[in-house]
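> predicted model follows, preceded by the sequence.
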Amino acid sequence: MRDLLDGPDYKVRLLKMDSVTAAKEFYNHMRFDMIFIDGAHEYESIKADILAWRPLLSKGGLFCGHDFGNNADAIAVQSIWGVTEAVTELIPNYRRAEGSIWYATEF
Ligand SMILES: C[S@@+](CC[C@H](N)C(=O)[O-])C[C@H]1O[C@@H](n2cnc3c(N)ncnc32)[C@H](O)[C@@H]1O
């Protein structure tokens, strides 16, 4: 990451703060072509992340995240089950990609 963090043409900006707080800081002046949600996996946490970050997506942007799962393994891991529950509830037209990735481009 160091190369991406350093210099005037930086590609990565590190924000040492809660994800929902970060979303609030961006709300008035930034929109993103892609947002990848991969923070805490408990239902209430990912619900908060989805609700905070979805408004920051550019029109036609890619909203996606990790650790969606509805197979036996995922059900056994409660933290992953929260992702499935929240995404299904809040993003009815979500789609699945490779592995445990979920994504949506229209809402
Ligand atoms: C599943 S890990 C994924 C980390 C990274 N995306 C990766 O693939 O290496 C989730 C990370 O999000 C952090 N996290 C959990 N809840 C958070 C929150 N509300 N705000 C910011 N970070 C959070 C955790 O400490 C952990 O480092």
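Looks like it arrived, so ask away. Residues are numbered from 1 along each chain as shown.
> so which residues of the chain form strands?
Counting by DSSP state E, the chain has strands at residues 32-37, 57-65, 95-96, 102-104.
> listing partners with orientation, what would you give for the third one?
Taking DSSP bridges as the criterion, strand 95-96 sits next to strand 102-104 (antiparallel) in its sheet.
> near the ligand at all, the strand it pairs with?
No - Strand 102-104 lies out of reach of the ligand by CB under 6 Å from any ligand atom, never closer than 14.0 Å. For glycine as for every other residue, the C-beta is placed from the backbone atoms N, C-alpha and C.
> again with stretch 24-36
No - using CB under 6 Å from any ligand atom, stretch 24-36 stays clear of the ligand, coming no nearer than 7.5 Å.
> buried sites along that stretch?
Ile35 (16 or more other CB atoms under 10 Å).
> measure that stretch end to end?
One end of stretch 24-36 to the other measures 16 Å (CA to CA, to the nearest Å).
> contacts for it?
The contact list for stretch 24-36 (CB atoms under 8 Å, 6 or more residues apart in numbering) reads 15, 17, 52-58, 61-66.
> what residues does this protein put near the ligand?
Close to the ligand, as judged by CB under 6 Å from any ligand atom, the chain has residues Asp18, Ser19, Asp38, Gly39, Ala40, Ser45.
> what's the most distant pair in those residues?
In these, two members sit farther apart than any others by CB to CB. They are Asp18 and Asp38, at 14.4 Å.
> which of the contacts of stretch 24-36 tops the neighbour count?
Neighbour tally across the contacts of stretch 24-36 (other CB atoms under 10 Å): the maximum, 25 neighbours, falls on Gly65.
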